[in-house]
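Student: sequence and predicted structure are below.
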Amino acid sequence: MQVRLEQVRDRPFHWDETETVGADEIGHPDLVALSPVHWRGEIRFADPGYLLTADISYRQTLSCQRCLEPVEQPVEDQLTLLLVPGAQAPRSDEHVLEEEELGVVEVPEDEEVDLRPLLIEQIQLDVPMKPLCRPDCKGICPSCGRNLNDGPCGCEQQEIDPRWKALEALRKNENTETGTTKTGKT
């Protein structure tokens, strides 16, 4: 959606739209699918720029990090940004944001502003870093690949990796001792 900010100076711009955004546009490996994204909001002049406020709602389907099962989540979010005309040339590929820069977007002066990149960025921020189907997800068996949330898989327990044997010995020693430390003191 394109908006000419010079027209917003005199009268606020309102919208109520549903957009189709593909999961591939978000660029997150755990995002499987997105429902159509409904968003409505307004842009109004607020010196030194334009205040954009919007409500966003959609459903996202993610892949659980442990068991790989699909997880569908509803998303209801609010977006508030200050659009400041007079965007300068980018300083470099990387830039450390200062606190006063959060929520501020520099836009070209006297040109149309495309709101779709702002919507996509907000959707990217709403994807959890490590999606889980439930907090106590048991994951999948490393041997047979069975979802352990459905029950035990029946695979035999394999020998412990030799790099972990020392820790396993400590754990067993701790479990067999009753109230004493390794030195024999209580």
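Tutor: Yep, that arrived.
Student: which residues does the closest residue in space to Ser35 that isn't next to it in sequence bridge with?
Tutor: Counting by C-beta to C-beta, 6 or more residues apart in numbering, Ser35 lies nearest to Arg59, which is 4.1 Å off, once chain neighbours are set aside. In short, each C-beta sits where N, CA and C put it, glycine included. Judged by DSSP bridges, the bridge partners of Arg59 are Pro74.
Student: look up how far Val3 lies from Arg59.
Tutor: 26 Å (C-beta to C-beta, to the nearest Å).
Student: what of Ser35?
Tutor: Counting by C-beta to C-beta, the gap from Ser35 to Val3 is 24 Å.
Student: quick revisit: of Arg59 and Val3, which one has the most company?
Tutor: Higher neighbour count among Arg59 and Val3: Val3, with 18 against 13, using other C-beta atoms under 10 Å.
Student: tell me the phi and psi of Gly27?
Tutor: phi 70, psi 30 (degrees, to the nearest 10).
Student: who touches it in this structure?
Tutor: Contacts for Gly27 (C-beta atoms under 8 Å, 6 or more residues apart in numbering) come out as Gln124.
Student: please apply the same query to Thr61.
Tutor: Leu31, Val32, Ala33, Leu34, Pro70, Val71, Glu72, Gln73.
Student: from the residues you listed, list just the buried residues.
Tutor: Neighbour counting by 16 or more other C-beta atoms under 10 Å classes Leu31, Leu34, Val71 among the contacts of Thr61 as buried.
Student: out of those, list just those in strands.
Tutor: Among those, the members found in strands (DSSP state E) are Leu31, Leu34, Val71.
Student: between the residues you listed, which is closest to Gly154?
Tutor: Nearest to Gly154 among these, counting by C-beta to C-beta, is Val71 at 26.0 Å.
Student: distance of the residue sitting nearest the centre point of the chain relative to Asp55?
Tutor: The chain has Val127 as the residue nearest its centroid, 2.4 Å off, counting by C-alpha atoms, centre = their mean. Separation of Val127 from Asp55 (C-beta to C-beta) stands at 18 Å.
Student: what are the buried residues along stretch 137-147?
Tutor: Cys137, Ile140, Asn147.
Student: surely the last one is in contact with Ile140?
Tutor: In this case it means Asn147. Yes - assessed by C-beta atoms under 8 Å, Asn147 is found in contact with Ile140 at 5.7 Å.
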